[in-house]
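Colleague: Structure, please.
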Amino acid sequence: MILDILFPNRCLGCSCIISADLLVCELCFGRIDFIHSGYFDDNLIKERCRLLFPVENTFALMQFGKENLSRKIIHELKYKSREKAGEILAEWTTTRLDFKDQKPDLIVSVPLHPKKLKERGYNQLHVFTEKLSAFYGIPFDHDVIKRNQYSKAQALKDKQNRLKSENVFSVTKSITQKNVLLIDDVFTTGNTIASIAWEILKAGNNTVNVLVMAMDV
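Modeller: Numbering: from 1, shown residues only. This next block holds a predicted model:
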């Protein structure tokens, strides 16, 4: 209670004081650039993924712009130790994402290299993934994909280096005949997701779907 008084939670949009379990105030919530296309639609992220690998269905929650509120939210989650943001983003996702009668069999999130995980202290996708798993009743596995190379964040790479990701990931367990939902925070070039998707596809008679918190448009 004392910490709440001394360091109150503030809206990421306008800095007004808000409840500790929120990211933005009600007014700024309306400023978030949500993407209004469904999981089964022929949306932009599906078009981009299909240029890189065979994908079934796709969903992106928000637009990731240079100055927009979505970017601030993602940065809070990734770089400012605010894991709670993962829970909130999961709640926003469940109100917009309907699998109908075609739920995936398994949820897999993009892993961090052990060195990066030690530096950051957490994987920003784990809480988000676990909340979706509990809500939809779909199992998750944080260990089925391994990152083999330590690298800079995608946002810090130049365009040429973003395209180099051969052998970055590998499958660590037997995975066959699964309809997999692959989760990442931001879709930029799609290179990271494509690298993992191909490993999953090569591992057996699997199909891949993609869900991202935000898409760089």
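
Colleague: Please make it C-alpha for all contacts and neighbour counts, starting now.
Modeller: OK.

Colleague: What ranges does this protein have for its strands?
Modeller: Counting by DSSP state E, the chain has strands at residues 58-63, 106-109, 145-147, 169-171, 179-187, 207-215.

Colleague: give the contact list for residue 129.
Modeller: By C-alpha atoms under 8 Å, 6 or more residues apart in numbering, residue 129 lies in contact with 90, 107, 108, 109, 140, 183.

Colleague: again, but for residue 190
Modeller: Here residue 190 is in contact with 48, 49, 52 (C-alpha under 8 Å, 6+ apart).

Colleague: Next: residue 172.
Modeller: So residue 172 contacts 143, 144, 145, 146 (C-alpha under 8 Å, 6+ apart).

Colleague: nearest to residue 118, of the residues you listed?
Modeller: Comparing the contacts of residue 172 against residue 118 with C-alpha to C-alpha places residue 146 closest, at 14.9 Å.

Colleague: Now do the closest one against residue 169, distance only.
Modeller: Remark: distance between residue 146 and residue 169 (C-alpha to C-alpha, to the nearest Å) = 5 Å.

Colleague: lowest confidence element among the helices and strands of the chain?
Modeller: Across the helices and strands of the chain, the lowest-confidence element by mean pLDDT, DSSP states H and E is helix 159-162, at a mean of 50.

Colleague: Do you have the helices of the protein handy? List them.
Modeller: Using DSSP state H, the helices of the chain run over 2-6, 26-29, 44-50, 69-79, 84-94, 114-120, 126-136, 159-162, 191-203.

Colleague: Please pick the buried ones from the contacts of residue 190.
Modeller: 49, 52 (16 or more other C-alpha atoms under 10 Å).

Colleague: what's the closest of the contacts of residue 190 to residue 130?
Modeller: residue 49 (24.0 Å).

Colleague: Now render the contacts of residue 190 as JSON lines, adding pLDDT and distance to residue 213.
Modeller: Below are the contacts of residue 190 laid out as JSON lines (pLDDT from 0 to 100; distance: C-alpha to C-alpha, whole Å):
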{"residue": "48", "pLDDT": "97", "distance to residue 213": "16"}
{"residue": "49", "pLDDT": "98", "distance to residue 213": "15"}
{"residue": "52", "pLDDT": "98", "distance to residue 213": "19"}
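
Colleague: can you redo the contacts of residue 172 as TSV with distance to residue 82 and neighbour count?
Modeller: Compiled in TSV, the contacts of residue 172 are given as follows (distance: C-alpha to C-alpha, whole Å; neighbours: other C-alpha atoms under 10 Å):
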residue	distance to residue 82	neighbour count
143	22	14
144	25	18
145	24	20
146	24	19
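
Colleague: Show me what counts as buried in stretch 87-99.
Modeller: Quick answer for stretch 87-99 (16+ other C-alpha under 10 Å): 87, 88, 89, 90, 93, 97.
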